[in-house]
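J.: Any chance you can model this:
(one chain, ligands or ions: 1)
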Amino acid sequence: MKLTVFAAFLTLCIAAAQTPAQDRADPSSTLIAFANAVATGDFNNVVPFVEGAQTDPRFGYDKDLLAAAGLSTGKWTLEHMKSEVTDQEATLECDLTIDTGTPQPAIHQVVHLHKAGDQWFVEPNPTYSPMAVPANDSSRILSDMAAICRYPTLYVRQTMSRLYVCLYNIRDLGGLVLSAAKGKNGQIPCDSSSWSSFVDSLPNGKVLCHCPLDDNNTEYAFNEELNGKSLADIRDPANTVLLYEGASKKLQYRHLGRAAVVFCDGHAKMVDSKEAPKLNWKLSPHV
Ligand SMILES: [Zn+2]
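T.: Here you go, the predicted structure:
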């Protein structure tokens with residue numbers, strides 16, 4: 001999945017756009033309009049879809065800024081929509097494709113909506129946590145975006161969404177390492193010296209191996225303690241670092257005092273300096 005370009009969009013600040021009434025008349029058209037609003041990268045376009053969320057009046061609209069960022073190339077498409085609708089509530093399933101110039105696999109989404117007055121609203125994921133993402137669940141991107149809209153200021157929304165994108169990027173990159181290892185009888189397909197070329201060999205490697213707050217193109221780092229190891233050597237995969245944001249086993253705390261880490265079971269988490277000493281870098285001693 002490629003959320004990095006979306007993250008770049010989030011640096012833009014534009015004014016609120018009114019949603020045409022027809023877009024809100026049924027859950028499917030509401031969700032499609034919501035995805036279009038998300039694709040603009042402007043949270044002021046997104047918040048009208050989330051009940052109780054507020055636009056931020058401090059920011060104005062700048063079309064030139066949009067064009068300069070190449071926003072017209074980004075497109076979020078929803079396909080294979082299935083819906084279960086009652087009078088006031090709806091559950092929609094669909095496949096989300098984020099088109100940023102290169103073909104991307106579709107990501108299955110499950111989104112709940114509710115009706116208030118004569119409009120449908122996208123329901124924020126009630127379990128949204130920007131600090132951790134599970135290994136095998138990308139189904140909540142849209143409802144997490146709705147949840148981010150509940151944060152009170154644009155600055156905080158942007159901060160949270162960059163953190164979220166970083167976490168997704170490192171998780172997806174870790175997932176690619178783990179699946180490559182599974183295809184090689186568990187042998188981890190790279191080590192700290194071949195890490196860069198391994199990343200380059202992945203279809204979206206360069207995009208995924210990038211934190212949205214990183215201006216220097218420093219990549220996420222591979223845990224050198226895993227050099228030459230196989231998955232079977234890792235006794236505590238849920239606590240053993242696979243990739244991390246930083247270098248030389250030192251985390252770089254870019255996101256509200258936290259750094260992204262993906263573990264050998266595929267889940268990713270934002271770790272602060274208090275949690276960092278508890279991370280397991282080495283394999284367990286008896287191995
Ligand atoms: Zn980051």
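J.: so who does the residue of the stretch 51-200 of the chain found nearest the ion touch?
T.: When distances are taken as C-beta to the ion, the stretch 51-200 of the chain reaches nearest to the ion at Cys166, 3.1 Å away. C-beta here means a position set from N, CA and C on the backbone, and glycine is covered the same way. Cys166 makes contact with Ala7, Cys211, Pro212, Leu213, Glu245, Arg254, His255, Ala260 under the criterion C-beta atoms under 8 Å, 6 or more residues apart in numbering.
J.: Just the buried ones from the residues you listed, in ChimeraX syntax?
T.: In ChimeraX syntax, the buried subset of those is picked out as below (16 or more other C-beta atoms under 10 Å):
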select :7,211,212,245,254,255,260
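J.: from the contacts of Cys166, which is closest to Leu142?
T.: Ala7 (16.0 Å; C-beta to C-beta).
J.: who in the stretch 51-200 of the chain is up against the ion?
T.: Cys166 (C-beta under 5 Å from the ion).
J.: which stretches of the stretch 51-200 of the chain form helices?
T.: 63-68, 141-148, 154-182, 195-201 (DSSP state H, counting those that start in this stretch).
J.: about what we covered before: now for the contacts of Cys166: which two are most distant?
T.: Checking the contacts of Cys166 with C-beta to C-beta, the most distant pair is Ala7 and Glu245, at 14.1 Å.
J.: Looking at the contacts of Cys166, which are in strands?
T.: Ala260 (DSSP state E).
J.: give me every residue that touches the closest residue to Ala135 other than its chain neighbours.
T.: In space, and not counting its chain neighbours, Ala135 is closest to Gly266: 3.2 Å by C-beta to C-beta, 6 or more residues apart in numbering. Applying C-beta under 8 Å, 6+ apart, we find Gly266 in contact with Ala135, Asn136, Arg171, Gly174, Gly175, Leu178.
J.: Three-state assignment for Gly266, please.
T.: The three-state assignment at Gly266 reads coil, by DSSP: H, G, I helix; E, B strand; the rest coil.
J.: Next up, phi/psi of it, please.
T.: Here is the backbone geometry of Gly266 (degrees, to the nearest 10): phi 100, psi -10.
J.: weakest of the helices of the stretch 51-200 of the chain in terms of mean pLDDT?
T.: Sorting the helices of the stretch 51-200 of the chain by mean pLDDT places helix 63-68 lowest, at a mean of 43.
J.: Please name the bridge partners of Lys250.
T.: Ala247 (DSSP bridges).
J.: per-residue confidence for the nearest residue to Asn227 once chain neighbours are set aside?
T.: Of all residues not flanking Asn227 in the chain, Asp191 sits nearest, at 3.8 Å (C-beta to C-beta, 6+ apart). With respect to pLDDT, Asp191 has a value of 94.
J.: which residues sit in contact with Asp191?
T.: Phe222, Glu224, Leu226, Asn227, Gly228.
J.: Which residue ranges make up each domain of this protein?
T.: Split into domains by automatic domain parsing, the chain comes to 4-151, 155-278.
J.: And the first one, how far out from the chain middle?
T.: On the basis of C-alpha atoms, centre = their mean, to the nearest Å, domain 4-151 is displaced by 13 Å from the centre of the chain it belongs to.
J.: got it, and the shortest one?
T.: Offset of domain 155-278 from its chain centre (C-alpha atoms, centre = their mean): 14 Å.
J.: Number of residues surrounding Gly257?
T.: Neighbourhood size, Gly257 [other C-beta atoms under 10 Å]: 11.
J.: who touches it in this structure?
T.: Asp272, Ser273 are the contacts of Gly257 under C-beta under 8 Å, 6+ apart.
J.: can you give me phi and psi for it?
T.: Per degrees, to the nearest 10, the backbone of Gly257 is at phi 80, psi 20.
J.: ditto for Lys269
T.: phi -150, psi 150.
J.: Same check on Leu242?
T.: According to degrees, to the nearest 10, Leu242 has phi -100, psi -60.
J.: Find me the pLDDT at it, would you?
T.: pLDDT, Leu242: 97.
J.: now it: how far from the ion?
T.: In this structure, Leu242 and the ion are 16 Å apart, going by C-beta to the ion, to the nearest Å.
J.: That residue contacts Glu224, correct?
T.: No - Leu242 is beyond contact range of Glu224, at 11.5 Å (criterion: C-beta atoms under 8 Å).
J.: Comparing these two, which residue is more hemmed in?
T.: Comparing Leu242 with Glu224 by other C-beta under 10 Å, the one with more neighbours is Leu242, at 26 against 13.
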